[in-house]
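1. With the sequence up front, the predicted model follows.
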Amino acid sequence: MKISTKGRYALRLMTDVAVHGGEEFVSLKDVAARQGISMKYLEQIAGLLCKAGFLRSGRGALGGYRLARTPESYTLGSILRLTEGNLAPVACLEAEENTCERCGVCPTLDFWTGLYAAVNAYVDRFTLADLVREELAKSGEAPVSSGT
């Protein structure tokens with residue numbers, strides 16, 4: 001499994017908005033400058049995150065984006081699944097029911113199922129708040145008050 005730039009940038013966008021926003025909206029232009037990500041690409045990702053209810057948008061001079069909920073309420077897995085789709089390591093595990101004609105005799109199915117469970121448990125163990133703490137520790141910045 002390889003996480004695309006969309007998934008990686010979504011985590012960076014959400015972290016940046018959490019660190020720099022709090023109750024205020026954060027300009028995508030500012031995020032693009034801080035993160036070194038194309039404004040056009042960030043607009044696409046922000047649109048997806050807004051549509052899913054992860055971000056709220058505001059228009060006008062003080063507009064931009066802010067979190068719809070507290071950083072603790074977003075698992076990194078939820079953000080990655082939104083941007084990447086299913087995190088299954090093999091196609092036969094992507095659907096709710098395994099319809100592979102070989103699933104009853106496949107000697108590797110248990111291995112793939114275990115890997116999938118481990119990946120999901122790992123990405124769901126961390127929240128956006130964990131990334132915010134990491135960002136603040138590495139940058140030495142003070143957190144912005146968040147009452148979302």
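-> That came through fine.
2. Where does the prediction get shaky in the chain?
-> Confidence mapping of the chain against pLDDT under 70 gives the ranges 142-148.
3. can we see that at 80?
-> 1, 61-62, 141-148 (pLDDT under 80).
4. For it, list the residue farthest from the centre, please.
-> residue 105 (35.7 Å; C-alpha atoms, centre = their mean).
5. what about that one, which SS state?
-> Taken by DSSP: H, G, I helix; E, B strand; the rest coil, the conformation at residue 105 corresponds to coil.
6. where's it relative to residue 116, distance?
-> 19 Å (C-beta to C-beta, to the nearest Å). C-beta coordinates here come from the backbone N, C-alpha and C atoms, glycine included.
7. For the residue most central in space within the chain, pull up the helix or strand it's in.
-> Residue closest to the average C-alpha location in the chain (C-alpha atoms, centre = their mean): residue 79, at 2.8 Å. Applying DSSP states H and E as the criterion places residue 79 in helix 76-84.
8. Show me what secondary structure element comes after that helix.
-> Assigned by DSSP H and E, the successor of helix 76-84 is helix 109-125.
9. Would you mark the buried spots in that following helix?
-> Neighbour counts over helix 109-125 (16 or more other C-beta atoms under 10 Å) mark 109, 112-113, 115-116, 119-120, 123 as buried.
10. For it, name the packing helices and strands.
-> The contact analysis (3 or more C-beta pairs under 8 Å, 6 or more residues apart in numbering; DSSP states H and E) places helix 109-125 against helix 76-84.
11. can you list contacts of the helix it packs on?
-> Helix 76-84 has contacts (C-beta atoms under 8 Å, 6 or more residues apart in numbering) with 3-4, 6-7, 10-11, 14, 45, 48-49, 52, 54, 87, 120, 123-124, 126-128, 130-131.
12. How about residues contacting stretch 87-101?
-> 1, 77, 80-81, 86, 103, 106, 109, 112-113, 115-116, 119-120, 123.
13. what do you get if the cut-off is 10 Å, keeping everything else the same?
-> Residues outside stretch 87-101 that contact it (C-beta atoms under 10 Å, 6 or more residues apart in numbering): 1, 3, 7, 77, 80-81, 85-86, 102-104, 106, 108-109, 111-120, 122-123.
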